[in-house]
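Asker: Following is a predicted model, sequence given first.
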Amino acid sequence: ESYAEIEARLEGWSDQAIVHRGETVAIDGLGFSGIARLALLGILQEQCRRRGVGLELGSRCEDPAALAAADLLVGADGAGSRVRERYRESFAPTVTVLSNRYIWYGTAQPFDCLTLTFREDAHGVFVAHHYRHAPGASTFVVECDADTWARAGFEGMSDEATRRYCEAVFAPDLGGHPLLSNRSTWLRFRMVTNQRWHNNRIILLGDALRTVHFSIGSGTRTALEDAIALRDALVARGATRAAVPAALANFEAARRPGAERLLDVARESGRWYEG
């Protein structure tokens, strides 16, 4: 049911485009889809409510150890995961911060497909990763290398001036539409991996477990695949408290090889943009 509801809201396309020096090059044979994050969360939360799952929103778990008595604790709390850091010795994480800067915007300009647009100004080279996630709304991620970011003076620039600067760089692609900020700030991508995925009754999922560089567009997909695989592992073991540790071990054994292959692709993509 959740899949059907999500599919009905997806924006999908079967190719990709690269815009380089004003020329658009189409690449076929690639399937992608997008959805507004709030729409996705709304669907999943409603599915939880229908099945009697208690949702506690708007409160923060300051110390995951307070939940240690639970049958199962899933750390799906993002790249800065508190669960992972609280049990750092168990998971043995590695976090590498890349040097490129990127900033997330939206725009009302609808794009035909996932597009990588390269533009250059007096300060250096910029690339935008952009795609629609609703009929009249698109994600627009602007990225540049550290030297370009410094020469452009972004460090001391206001949010409004930063947005207008990016609008000017990508004016040929925005069709007169402004970029839309949602407390948008420049970020540096954190590559997260963990030597171990679980600790007794605690498991990491999604970005808390390992981050997938945004240039390959697979972060949400891999998180959902993690959740499905975890569910399958628990059901296969009987979904009892006693079975949880073995189920988590089975989850990692089944999921890790494919995840590692995707990570290799993501690392290579991240290195390409860095260079």
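Answerer: Received, thanks. Because the structure is predicted, anything quoted here is derived from the model rather than measured.
Asker: Would you map the helices across the stretch 51-200 of the chain?
Answerer: 82-86, 88-91, 146-151, 159-169, 171-174 (DSSP state H, counting those that start in this stretch).
Asker: Point out where the chain drops to low pLDDT.
Answerer: Along the chain, no part satisfies pLDDT under 70.
Asker: what's the residue closest to the geometric middle of it?
Answerer: The residue lying closest to the centre of the chain (C-alpha atoms, centre = their mean) is residue 219, at 3.9 Å.
Asker: Pretty sure it sits against residue 205.
Answerer: No - taking contacts as C-beta atoms under 8 Å, residue 219 lies outside contact range of residue 205: 11.6 Å. C-beta: built from backbone N, CA, C; applies to glycine.
Asker: hang on, the earlier thing: of all the helices of the stretch 51-200 of the chain, which one is nearest residue 71?
Answerer: helix 82-86 (15.4 Å; C-beta to C-beta).
Asker: returning to that earlier point: deepest of the helices of the stretch 51-200 of the chain, which one?
Answerer: Comparing the helices of the stretch 51-200 of the chain by mean neighbour count (mean count of other C-beta atoms under 10 Å), helix 82-86 comes out on top with a mean of 20.
Asker: who's in contact with residue 121?
Answerer: 152, 168, 169 (C-beta atoms under 8 Å, 6 or more residues apart in numbering).
Asker: between these, which is nearest residue 51?
Answerer: For those, the nearest to residue 51 is residue 169 (46.6 Å; C-beta to C-beta).
Asker: and that closest one, what is it in contact with?
Answerer: 119, 121, 126, 142.
Asker: again, 7 Å this time
Answerer: 119, 121, 126 (C-beta atoms under 7 Å, 6 or more residues apart in numbering).
Asker: ok, back up a step: contact partners for the residue nearest to the centre of the chain?
Answerer: 207, 211, 212.
Asker: Now with 8 Å, please.
Answerer: 206, 207, 211, 212.
Asker: Highest neighbour count among those?
Answerer: Neighbour counts for the contacts of residue 219 (other C-beta atoms under 10 Å) peak at residue 212, which has 25 neighbours.
Asker: Can you show me the strands along the stretch 151-275 of the chain?
Answerer: Remark: strands assigned in the stretch 151-275 of the chain by DSSP state E, counting those that start in this stretch are 179-180, 190-194, 198-199, 202-204.
Asker: ok, the first one: who's next to it in the sheet?
Answerer: Strand partners for strand 179-180, identified by DSSP bridges, are recorded as strand 101-107 (antiparallel).
Asker: Can you list the neighbours in contact with the strand it pairs with?
Answerer: Contact with strand 101-107 is made by 130, 137-146, 149, 154, 162-163, 166, 174, 177-182, 184-189, 214, as judged by C-beta under 8 Å, 6+ apart.
Asker: Would you mind getting the angle between that strand and helix 159-169?
Answerer: Using axes from the mean of the first three to the mean of the last three C-alpha atoms, to 10 degrees, the inter-axis angle of strand 101-107 relative to helix 159-169 is 80 degrees.
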